[in-house]
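**Student:** sequence first, predicted model second:
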Amino acid sequence: MQIQHTGSISTHFSERFEYCMSSFFTLFDILAIIYIFRSVQLGLKIWREWPQLRIEPFTPHKKHLAEQASYFIAVPLGVLAHELGHVLAVWAAGGQVAEFHYRAFWGYVVPIGNFSPAQNWFIAIAGTLASLAFGLLIWLLFRRMDSSTLRYFGVRAFRFQVYFSLVYYPLFTLFGFDGDWKTIYDFSATPWLSTVTAVLHAGTLLLFWRGDRTGWFEAPSHESVEAQERFEQLALAAAASPQDAQLQIQYIDALRRGGAKHKAKHHLENFMVDNPNSAVGHLELAALYAAGRGQIPKKASASAEEALNLGLSDPRQAAFAHEFVGRYQLDTGQVETAITHFTQAITALADMNPGNAERSQMQLHILRSQAYRRQQQHEQAYQDLLLATTLAQRNGDEAGVAQVQQELETLENHAGHTFGATSMKIP
């Protein structure tokens, strides 16, 4: 949470302000200390890794650090810009600053002077304008950097400033603590200024929502320089050949796998307008619905079923779709149907190159074992775990073997007896 300007802009240090500050001052300071500690930790980590952060590829680790820095490092600077914006506005209105408080993640300004309603509005909105200007400046400074990590930091820092300035902080002050937006939207004092502000505020929020939804603030990450170069070539090829359905799906899939989910969904929605009966398109939509979720949502299962109905020629894609549907059915108690889909997924992978499919097969046997266990068919569940551990051992997958071992312990607890656990371990 970001805590920004929390003092009401008025001609005197009001009793209401005193009361609010006495109620929240300690809490805000505690939060600020925690956040500052995290900021220092992050700053030291970035300092140690700086040479690597500046070079390609743009890995998931670098993406995470840039995301963290856009909040824990850029936000304190944005708060300072916010409060200085108030100060400059007070001076421009002929007033003086009675108090200036800056606590990295929050602050407030108390002005004194004989201000008109329009001047009060101007002083109040100046902080938000300064925050937005600061975010825009970061984006403009970093957008042409050679480093993908720095470019991503710039765009995410800009997004944070827009979000906190125009979404979080207005809601926080309008429906909670006293602050700028109660003055900005005081229609009784400044009807025209407040109305114009509301129109511009709504328009900017609509633009922000659209940009966020279409992936303006996203970038896919890559595990290697070669993978990043392949993606860049794929992006160029997809842009040059918008009618090539296979190329478009490859690009959308690469965006999704790289963590640019909104951008992938935006491109997929456009793709599906021209290709409504694309089985692979529906499967990609299922993957996007399920991304980042512990359980398969109903929409993902429905899209996967549609993909199966339309026909998937690639066995891995067919297995993927059956797994989605099976997991959803298992979560919703349709165990028999889940077993059927897991079996079809395993069958689809049976004829593939073992090295390319064994990890997926292992997971499918674990899932089918869970379904059999739900039906109290313990022996069938155990046989699936045996097959899963064999696949894991064949690939030297110790994490996979450990996962199977844990599943075996759960099965034995349900069955009330052992199944020969020693056979499940790596020799």
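**Tutor:** Noted; the coordinates are in hand. Numbers count the residues shown, from 1 in each chain.

**Student:** which SS class is the residue lying farthest from the centre of the chain?
**Tutor:** The outermost residue of the chain relative to its centre, with distances by CA atoms, centre = their mean, is Asn114 at 46.0 Å. Here Asn114 is recorded as coil under DSSP: H, G, I helix; E, B strand; the rest coil.

**Student:** per-residue confidence at it?
**Tutor:** In this prediction, Asn114 carries a pLDDT score of 88.

**Student:** quick check on it: phi, psi?
**Tutor:** Dihedral angles of Asn114 (phi, psi; degrees, to the nearest 10) stand at phi -100, psi 90.

**Student:** measure it to His86 for me?
**Tutor:** Distance, Asn114 to His86, using CB to CB, to the nearest Å: 17 Å. The way it works is simple: take the backbone N, C-alpha and C, and place the C-beta from them, glycine included.

**Student:** and Met145, by the same measure?
**Tutor:** 31 Å.

**Student:** those two - which one has more neighbours?
**Tutor:** A count of neighbours by other CB atoms under 10 Å puts His86 above the other of Met145 and His86, at 27 against 14.

**Student:** okay, the strand or helix carrying the more buried one in CSV with CA atoms only?
**Tutor:** Using DSSP states H and E, the element containing His86 is helix 74-92. Provided in CSV are the C-alpha atoms of helix 74-92 (Å, rounded to 0.1, in the frame of the first residue of the first chain):
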residue,chain,number,x,y,z
ALA,A,74,10.1,5.0,-7.4
VAL,A,75,7.2,5.5,-5.1
PRO,A,76,9.2,7.4,-2.4
LEU,A,77,10.4,9.7,-5.1
GLY,A,78,6.9,10.1,-6.4
VAL,A,79,5.6,11.0,-2.9
LEU,A,80,8.3,13.6,-2.6
ALA,A,81,7.3,15.1,-6.0
HIS,A,82,3.7,15.0,-4.8
GLU,A,83,4.4,17.0,-1.6
LEU,A,84,6.7,19.5,-3.5
GLY,A,85,3.9,20.0,-6.0
HIS,A,86,1.7,21.2,-3.1
VAL,A,87,4.5,23.5,-1.8
LEU,A,88,5.0,25.1,-5.2
ALA,A,89,1.2,25.6,-5.5
VAL,A,90,1.0,27.2,-2.1
TRP,A,91,3.8,29.6,-2.9
ALA,A,92,2.2,30.4,-6.3
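
**Student:** in its sheet, which strands sit next to the helix or strand just after that helix, and in what direction?
**Tutor:** Next along the chain after helix 74-92, taking DSSP H and E as the criterion, comes strand 96-102. As defined by DSSP bridges, the strand partners of strand 96-102 come to strand 107-112 (antiparallel).

**Student:** pLDDT score for Ala287?
**Tutor:** We have a pLDDT of 94 for Ala287.

**Student:** sorry, wrong one. I was asking about Thr149.
**Tutor:** pLDDT, Thr149: 96.

**Student:** show me the shaky parts of this structure.
**Tutor:** For the chain, the stretches with pLDDT under 70 are 1-26, 176, 352-356, 420-427.

**Student:** so Leu140 versus Leu207, what's the distance?
**Tutor:** As defined by CB to CB, Leu140 lies at a distance of 17 Å from Leu207.

**Student:** ok, Gln383 next?
**Tutor:** 57 Å.

**Student:** any idea where the helices of the stretch 101-250 of the chain begin and end?
**Tutor:** 117-142, 148-163, 169-174, 180-184, 191-213, 225-240, 245-257 (DSSP state H, counting those that start in this stretch).
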